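1. Here's a sequence, model it:
(one chain, ligands or ions: 2)
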Amino acid sequence: MYKVLVSDPISDMGIQLLYDAEDVLVDKKPGLTEDELVAIIGDYDALLVRSQTRVTDRVMEAGKKLKVVGRAGVGVDNIDLPSATKRGIIVINAPDGNTITTCEHTFAMMMALARHIPQAYMKTVGGEWDRKSFLGVELRNKVLGVLGMGRIGSEVAARAKAFGMKIHAYDPFLTEERAEKLGVQLGTVNEIVANADFITVHTPLTPETRHMISSHQFEIMKKGMRIVNCARGGIIDEMALIEAIDSDIVAGAAFDVFEEEPPRADHPFLKHPKVIVTPHLGASTVEAQENVAIDVSEQVLLILRGEAFKNAVNMPPVPADVLNKLAPYFTLGEKLGNFLAQLTIGAVREIHVNYSGDLSEVDTTPLTRYIVRGVLSHHLGTEVVNVVNSMHLAKERDVQVVIQKTASTKGFTNLITVTLKSDKVDRSIAGTLLTGYGPRFVQIDKFPVDVAPEGNLLIISHNDKPGIIGRVGTLLGVNDVNIATMQVGRDNVGGAAIMVLTVDKPIPKEVLEQLGELPEIIKLKAIVL
Ligand SMILES: NC(=O)c1ccc[n+]([C@@H]2O[C@H](COP(=O)([O-])OP(=O)(O)OC[C@H]3O[C@@H](n4cnc5c(N)ncnc54)[C@H](O)[C@@H]3O)[C@@H](O)[C@H]2O)c1
Ligand SMILES: O=C(O)CC[C@@H](O)C(=O)O
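-> Ligands and ions are numbered 1, 2, ... in the order given. Next comes the predicted model:
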């Protein structure tokens, strides 16, 4: 049974999938302190959070069983990603579910700013009928500067066009071609701030975007402009903004997010008549909360059950079409790596992977992670190594991973050949996925074989001499070890040969020792997959 802890308020409808799963037990404990979380996290396989819970290195360290942290939302600034990666904990988010909601909140803020709605409301409910103090501005014909044209920025731009605004935009990934298609004018940050009547930021908070709007930008800004931040606190320098408002450069600001959340009681935004604020409500709609909770629950379930998943933040993204193509190979890849790790003696220096046939045309990076996991988990344990940290752990141990792609497949439509180079030997294995039959090992070192990669295997290197097969069979039979399949391959008549057996139960150590003493047997290895 997998245990999932939900430590922030997350839509029940959204996590229904987890409640319904027979192999999952859900505990809801919102509002835990870091110490309280550290005390209990050791019991859980998955942790689901929004933005309140801080998933620190201490929490990760205490989470001995933790396989995944799911963030019901986009930003993962409350999660220590390097710590998660180091420990092999997958961090996933739900990047699409709150895009429209946050875009609409941005618009609500922009319109409230243009028409002084919160200030006018306060006076009206306070008994004053003040129609003079709140002269607003139209959005029509105004220039809207959009900094960050990702999911939310692009939706904001599309709606602003419907309001008759002219959009000037900057995003490091926005090409002239796409800008034209979206009907926006490209500019640099400084060009945009110099021309815009309204500015809205939709970037993540990174070292580059931190204070991207600061004193210099306020100096060159168009007088009387208005500015909105529904992305992340810190993208706009809060203190520089207050100065710009007080010097009448900026006519008003609308902020949903703050450099420190919640802001201190004496934060200048909270009492300023020209600043309107909401408490990080961008994603707070029924629809968005359901969407993100559903997305994250689906992914958590896949991860707990060891199935293919998407949206991992601490792994490069894999497009859905690539994932669909590669997922059937994940088990084969891991078994190839694991088989070789068991077969190879000495300290592993290099994992060499050759992808051929169909696989030579796809980005196989996710599959490589499985192969490397297979190799490393033999020594480090399957609990320690997973597809998030496998490359990191290999690098940490100076194990080089070399990838090669070739078109030729020796008659197979797809072929993965893995070679382990240790300080003592080079061993290799090739495997393929046969339609209707699943994964098969088709070559061990230079010997062609046809083996289903599962259960108890016995690999025997021997000299090709009459009687050897019979003697191995007899010895196993006498010791009550039933042979399920047996294959032999040889170099040339009387030369080096290999025997691959699958047997119905693990072969006792004494039987392996007796087998090793048979004439003509060079070496043997029992392998469990
Ligand atoms: N207020 C809320 O409740 C709320 C809700 C959802 C998202 N957000 C935040 O909104 C922001 C945008 O989210 P999104 O889903 O659109 O993300 P996204 O990843 O789709 O878009 C972000 C864009 O910013 C661009 N960018 C990065 N550095 C930049 C720079 N220096 N200058 C200009 N552009 C830059 C990226 O290229 C990307 O296109 C994020 O910070 C996210 O955390 C806030
Ligand atoms: O309400 C939340 O959980 C935060 C939403 C938002 O900031 C996000 O990053 O998705």
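
2. Specify the beta-bridge partners of the closest residue in space to residue 456 that isn't next to it in sequence.
-> Leaving aside its sequence neighbours, residue 456 sits nearest to residue 503 (Cβ to Cβ, 6 or more residues apart in numbering; 4.9 Å). Backbone N, C-alpha and C define where each C-beta goes, glycine included. Beta-bridge pairing for residue 503 (DSSP bridges): residue 456, residue 483.

3. Give me the neighbour count for residue 503.
-> 18 (other Cβ atoms under 10 Å).

4. Strands along the stretch 101-250 of the chain, start to end?
-> Secondary structure of the stretch 101-250 of the chain (DSSP state E, counting those that start in this stretch): strands at 143-147, 166-170, 185-186, 198-201, 225-229, 250-255.

5. and what of the stretch 401-529 of the chain?
-> Using DSSP E, counting those that start in this stretch, strands in the stretch 401-529 of the chain cover 414-422, 426-434, 438-444, 447-451, 456-463, 483-490, 496-503, 521-528.

6. For ligand 2, give me its nearest residue in the protein.
-> Taking Cβ to the nearest ligand atom, ligand 2 has its nearest neighbour within the chain at residue 73, 2.7 Å off.

7. Verify the stated contact: that residue with residue 292.
-> Yes: at 5.4 Å, residue 73 counts as touching residue 292 under the criterion of Cβ atoms under 8 Å.

8. Would you mind listing what in this protein touches ligand 1?
-> 74-75, 95, 98-99, 102, 147-153, 170-173, 202-204, 206, 208-209, 212, 230-232, 256-257, 280, 282-283 (Cβ under 6 Å from any ligand atom).

9. Now that the residue nearest to residue 456 has come up, it's in contact with residue 480, right?
-> No: the pair residue 503 / residue 480 is not scored as a contact, 10.5 Å apart, by Cβ under 8 Å.

10. for residue 399, what are its contacts?
-> Applying Cβ atoms under 8 Å, 6 or more residues apart in numbering to residue 399 gives the contacts 348, 349, 350, 351, 372, 375, 376.

11. For it, grab phi and psi.
-> Per-residue torsions, residue 399: phi -90, psi 120 (degrees, to the nearest 10).

12. Need the pLDDT of it.
-> pLDDT for residue 399: 90.

13. Relative to residue 438, how far out is it?
-> Counting by Cβ to Cβ, to the nearest Å, the gap from residue 399 to residue 438 is 28 Å.

14. How about residues contacting the lowest-mean-pLDDT helix or strand in the chain?
-> Between all helices and strands in the chain, the lowest mean by mean pLDDT, DSSP states H and E belongs to helix 320-326, at a mean of 83. Helix 320-326 is contacted by residues 308, 310, 318, 358, 362, 363, 364, 366, 367 when judged by Cβ under 8 Å, 6+ apart.

15. Is it possible to get JSON lines of those residues that adds secondary structure, pLDDT and neighbour count?
-> As requested, the contacts of helix 320-326 are exported to JSON lines (DSSP: H, G, I helix; E, B strand; the rest coil; pLDDT from 0 to 100; neighbours: other Cβ atoms under 10 Å):
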{"residue": "308", "secondary structure": "coil", "pLDDT": "77", "neighbour count": "15"}
{"residue": "310", "secondary structure": "coil", "pLDDT": "76", "neighbour count": "16"}
{"residue": "318", "secondary structure": "coil", "pLDDT": "72", "neighbour count": "21"}
{"residue": "358", "secondary structure": "helix", "pLDDT": "86", "neighbour count": "15"}
{"residue": "362", "secondary structure": "coil", "pLDDT": "89", "neighbour count": "17"}
{"residue": "363", "secondary structure": "coil", "pLDDT": "90", "neighbour count": "13"}
{"residue": "364", "secondary structure": "coil", "pLDDT": "94", "neighbour count": "22"}
{"residue": "366", "secondary structure": "helix", "pLDDT": "90", "neighbour count": "22"}
{"residue": "367", "secondary structure": "helix", "pLDDT": "95", "neighbour count": "26"}
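
16. Kindly list the main-chain dihedrals of the spatially most central residue of the chain?
-> The C-alpha lying nearest the average C-alpha coordinate of the chain belongs to residue 312 (Cα atoms, centre = their mean; 1.2 Å). Main-chain torsions, residue 312, degrees, to the nearest 10: phi -70, psi 130.

17. related to what we said a few turns ago, heading toward the C-terminus, what's the first helix or strand past the least confident helix or strand of the chain?
-> Next helix or strand after helix 320-326 toward the C-terminus (DSSP states H and E): helix 330-343.

18. which outside residues touch that following helix?
-> By Cβ under 8 Å, 6+ apart, helix 330-343 touches 308, 348, 351, 366-368, 370-379, 416, 418-420, 427-433, 439, 441, 444, 453-454, 457, 459, 525, 527-529.

19. ok so, going back, show me which of the residues of the chain next to ligand 1 are buried.
-> 74-75, 95, 98-99, 102, 147-153, 170-171, 202-203, 209, 212, 230-232, 256-257, 280, 282-283 (16 or more other Cβ atoms under 10 Å).

20. Filter the residues you listed down to just the ones in helices.
-> 99, 102, 151, 152, 153 (DSSP state H).

21. For residue 120, which non-adjacent residue is closest in space?
-> In space, residue 120 comes closest to residue 134 once its chain neighbours are excluded; the distance is 4.7 Å by Cβ to Cβ, 6+ apart.

22. so what's the one you found up against?
-> By Cβ under 8 Å, 6+ apart, the residues touching residue 134 are 115, 116, 119, 120.

23. Check the gap between it and residue 437 for me.
-> Using Cβ to Cβ, residue 134 is found at 74 Å from residue 437.

24. What of residue 145?
-> 59 Å.

25. again with residue 132
-> Counting by Cβ to Cβ - residue 132 and residue 437 are separated by 82 Å.

26. In terms of neighbours, single out the busier of the two.
-> The residue with more neighbours, out of residue 132 and residue 437, is residue 437; 10 against 5, by other Cβ under 10 Å.

27. Identify those among the contacts of residue 399 that sit within helices.
-> Using DSSP H, these in helices are 372, 375, 376.

28. Pull the number of nearby residues for the residue nearest to residue 376 when sequence neighbours are not counted.
-> Leaving aside its chain neighbours, residue 376 sits nearest to residue 385 (4.6 Å; criterion: Cβ to Cβ, 6+ apart). Using other Cβ under 10 Å, residue 385 has 23 neighbouring residues.

29. Please confirm that residue 385 is located within a helix.
-> No: with DSSP: H, G, I helix; E, B strand; the rest coil as the criterion, residue 385 is coil rather than part of a helix.

30. sorry, back to before: per-residue pLDDT of the residue nearest to the centre of the chain, please?
-> With respect to pLDDT, residue 312 has a value of 82.

31. wouldn't residue 202 be in contact with residue 148 here?
-> Yes: using Cβ under 8 Å, residue 202 makes contact with residue 148 at a distance of 3.7 Å.
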